[in-house]
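S.K.: Sharing a model that was predicted from the sequence below.
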Amino acid sequence: MKNILVTGSYGQLGNEIRCLVPQFSDFHFIFTDVDSLNISDFEKLNNFFEKQKIHFVINCAAYTAVDKCETDFDNAMKINYLSVKYLAELSKTFSFRLIHISTDYVFDGKSCVPYKESDATNPLSKYGISKLEGEKAVWQESENFLILRTSWLYSSFGNNFLKTILRVSKEKNELKVVFDQIGTPTFAADLAFAILKILTFNTSETGIFHFSNEGVCSWYDFATEILKFSHSNCKILPIETKDYPTPAVRPTFSVFNKSKIKEIFNFSIPHWRESLEKCIKLL
Ligand SMILES: NC(=O)c1ccc[n+]([C@@H]2O[C@H](COP(=O)([O-])OP(=O)(O)OC[C@H]3O[C@@H](n4cnc5c(N)ncnc54)[C@H](OP(=O)(O)O)[C@@H]3O)[C@@H](O)[C@H]2O)c1
């Protein structure tokens with residue numbers, strides 16, 4: 001039986017992995033979070049791996065408050081870069097495979113065709129910079145890894161755009177949402193399933209992979225569908241990013257080309273609307 005350590009497991013992705021445990025009975029899961037295993041503490045990590053043989057680490061731990069990263073960059077770097085470097089170093093020492101999660105915010109959004117894994121990165125925000133540094137640390141320190149970049153993650157767990165729209169639509173008759181940032185929502189349950197499916201392949205494939213749901217939309221389209229599926233009467237108005245300033249600059253276009261992951265692992269990925277409907281039914 002293979003032992004899988006899931007770090008940051010009380011976040012969106014970690015919780016979705018927990019829900020899939022019964023479907024992957026060939027794996028033994030160890031779920032930790034900042035209180036039980038702070039990934040910024042090298043000694044604790046080292047002791048953990050000394051005591052327990054781990055075959056795979058799925059690193060779901062991250063500093064994900066994108067706007068807060070602009071003013072709290074040191075902490076963002078500590079979690080999104082330095083701690084990831086520790087895990088990457090330890091993957092060599094203790095011979096485990098590191099599955100690390102990264103983001104579409106490593107791109108500047110200037111492309112007009114979906115981003116491939118090999119496309120040049122150029123983050124616009126401190127969050128994007130810290131996540132890109134984490135990716136580089138994995139490349140430099142680990143010999144056995146996968147970096148899965150994902151975008152616009154949501155789930156029935158934690159805080160996310162879906163839950164914000166559902167909450168605010170109950171409080172207001174009208175909502176304004178940007179229509180000039182284009183990407184693809186990703187149901188964290190679909191990403192969790194893809195990760196565990198990859199681990200069953202027993203491949204030594206190393207590198208970056210892009211994963212999101214299928215299809216393309218703006219945040220305005222996403223919000224419109226959320227309200228449609230939740231039978232809300234709240235009205236959504238499209239606005240430009242310039243009329244909704246945020247501390248962190250987001251890419252205007254961050255759609256992924258997912259051919260690589262689909263071809264290598266023979267995946268069929270659900271459309272974002274189909275997964276959104278599924279998630280809303282769970283809520
Ligand atoms: N959310 C998105 O829209 C999005 C988009 C693209 C990529 N991603 C990436 O996808 C991955 C999963 O994101 P998510 O949305 O599931 O994140 P999340 O819900 O914010 O969960 C992250 C978890 O990591 C924990 N954590 C923070 N610092 C830690 C530390 N030092 N040691 C151990 N655990 C720590 C957090 O605990 P606390 O809550 O107590 O801090 C939280 O439980 C991340 O790598 C993220 O960068 C996310």
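M.R.: That came in fine, so what should we check first?
S.K.: Every contact and neighbour count from this point should use C-alpha atoms.
M.R.: Fine.
S.K.: from memory Ser91 sits against Asn144, does it?
M.R.: Yes: taking C-alpha atoms under 8 Å as the definition, Ser91 is a contact partner of Asn144 at 7.4 Å.
S.K.: Spit out the residues that contact these two alike.
M.R.: Residues touching both Ser91 and Asn144 (C-alpha atoms under 8 Å, 6 or more residues apart in numbering): 97-98.
S.K.: Just want to know which of the two has more residues nearby.
M.R.: It is Ser91, of Ser91 and Asn144, that has more neighbours when counted by other C-alpha atoms under 10 Å, with 24 against 20.
S.K.: Show me which residues of the chain sit near the ligand.
M.R.: Within the chain, the residues that sit near the ligand (C-alpha under 6 Å from any ligand atom) are 7-13, 33-34, 37-40, 60-64, 79, 101-103, 150-153, 158.
S.K.: hmm, which of those are the buried ones?
M.R.: With burial judged by 16 or more other C-alpha atoms under 10 Å, the buried subset of the residues of the chain next to the ligand is 7-13, 33, 38-40, 60-63, 79, 101-103, 150-153.
S.K.: can you tell me which of these are in strands?
M.R.: Among these, the subset assigned to strands under DSSP state E consists of 7, 101-103, 150, 153.
S.K.: got a markdown table for those, with pLDDT and distance to Asp72 too?
M.R.: Putting those into a markdown table (pLDDT from 0 to 100; distance: C-alpha to C-alpha, whole Å) gives the following:
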| residue | pLDDT | distance to Asp72 |
| --- | --- | --- |
| Thr7 | 98 | 22 |
| Ile101 | 98 | 21 |
| Ser102 | 98 | 19 |
| Thr103 | 98 | 19 |
| Thr150 | 98 | 23 |
| Leu153 | 98 | 22 |
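S.K.: mind putting the residues you listed in CSV, distance to Ser204 included?
M.R.: As requested, those are exported to CSV (distance: C-alpha to C-alpha, whole Å):
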residue, distance to Ser204
Thr7, 21
Ile101, 17
Ser102, 19
Thr103, 22
Thr150, 21
Leu153, 27
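S.K.: tell me which of these is nearest to Ser25?
M.R.: Taking C-alpha to C-alpha as the measure, Ser25 lies nearest Thr7 of those, at 19.1 Å.
S.K.: pLDDT at the nearest residue to Glu50 once chain neighbours are set aside, what is it?
M.R.: Nearest-residue entry for Glu50: Phe94, 7.9 Å, with adjacent residues in sequence omitted and distances by C-alpha to C-alpha, 6 or more residues apart in numbering. Here, the pLDDT recorded for Phe94 equals 98.
S.K.: quick one: Phe94 and Phe48 touch, right?
M.R.: No: using C-alpha under 8 Å, Phe94 is not in contact with Phe48, being 10.6 Å away.
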